[in-house]
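Undergrad: got a predicted structure here, sequence first:
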Amino acid sequence: MKMFIRICYLVLALAALECQSASIRHIVGGSNATECEFPNIVFLDIIKGPLMDLFQCSGSLIDNRHILTAAHCLEGDILKISAWFGSLHTYEMSHEKIVSNFSVHEDYKETNTTIFNDVAVLKLSEPVHFNACLKSIRMADAGEELSKDCVIAGWGKTGEHLGASPYLQRADVPQQTPEKCAKIDSNIIKQHICVGTFIKGDKSTCQGDSGGPLTCTSQETGEKVLVGVVSYGWTCTEGLAVFARVTYFKTWIEQQIQNMQ
């Protein structure tokens, strides 16, 4: 039975330490994103107690007050969450919004081989003022016809033994059928999406950015839509990554937004 690797980034004042605490993933085989290419992506700083450790994840703006991210990013005692916008470079973010409330899926569960119900919704303390390079993304609808080739994006490690990239990386990846994914890993079920070529060393996510978006093009409208949330992977070398399927959780997501009004 294939074991997935859970890696988090714990950022201290003077150093970044890797620790086995959350499945934070990032982009392998990618290239620099272009300005305004991902206006919905959010960089998250998450402070957890009791030592006020700083963890980092990503997320997607789904309206001007709410962010969709991974449930496992919010494990532990959450003291503060800051959402950063305004740059492709993590050191040059110009806007910060504080998260005032959040909801983690009540059936979130992690086993030795997979993660179930790995979604969470964050509410910002005040609305985001949109512009051409900062706006929300529509969540895909159930049954909507989508392009087979999709896009992953994030900040962080660019390979199993390489360092994190402070500049947003992106890569084109193919969606795979549930049947093919299940042959690779029987733990991948309907609530998951797996993407990649299954070619060793090919484009994938890697350590550094759980909660980030998988976006595909709607064949019906031509717009980019949110299809998945980065959940887990293995060693970054399999050419395969697993996402929480947005359409599977869409009703739950909409209900959390309503509950936090």
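TA: Yep, it's here.

Undergrad: so which bits of stretch 219-237 are buried?
TA: 224-234, 236-237 (16 or more other Cβ atoms under 10 Å). Where you see a C-beta, it was placed from the backbone N, CA and C, and this is true even at glycine.

Undergrad: between these, which is nearest residue 195?
TA: residue 228 (7.5 Å; Cβ to Cβ).

Undergrad: that closest one sits in which helix or strand?
TA: strand 224-232 (DSSP states H and E).

Undergrad: so where's the stretch 151-261 of the chain shaky on pLDDT?
TA: By pLDDT under 70, the low-scoring segments of the stretch 151-261 of the chain are 156-165, 201-209, 235-237.

Undergrad: quick check, residue 139 in contact with residue 251.
TA: No - Residue 139 is beyond contact range of residue 251, at 10.7 Å (criterion: Cβ atoms under 8 Å).

Undergrad: between the two, point out the one with more neighbours.
TA: A count of neighbours by other Cβ atoms under 10 Å puts residue 139 above the other of residue 139 and residue 251, at 19 against 10.

Undergrad: who touches the more buried one in this structure?
TA: Applying Cβ atoms under 8 Å, 6 or more residues apart in numbering, we find residue 139 in contact with 62, 68, 225, 226, 246, 247, 250, 253.

Undergrad: so what's the third one closest to, chain neighbours aside?
TA: With Cβ to Cβ, 6 or more residues apart in numbering as the criterion, residue 225 has its nearest non-adjacent residue at 4.4 Å, and that residue is residue 140.

Undergrad: quick one: the one you found from residue 232, how far?
TA: 20 Å (Cβ to Cβ, to the nearest Å).

Undergrad: return the closest of the buried residues of stretch 219-237 with respect to residue 257.
TA: Distances from residue 257 to those, taken by Cβ to Cβ, are shortest for residue 226, at 14.0 Å.
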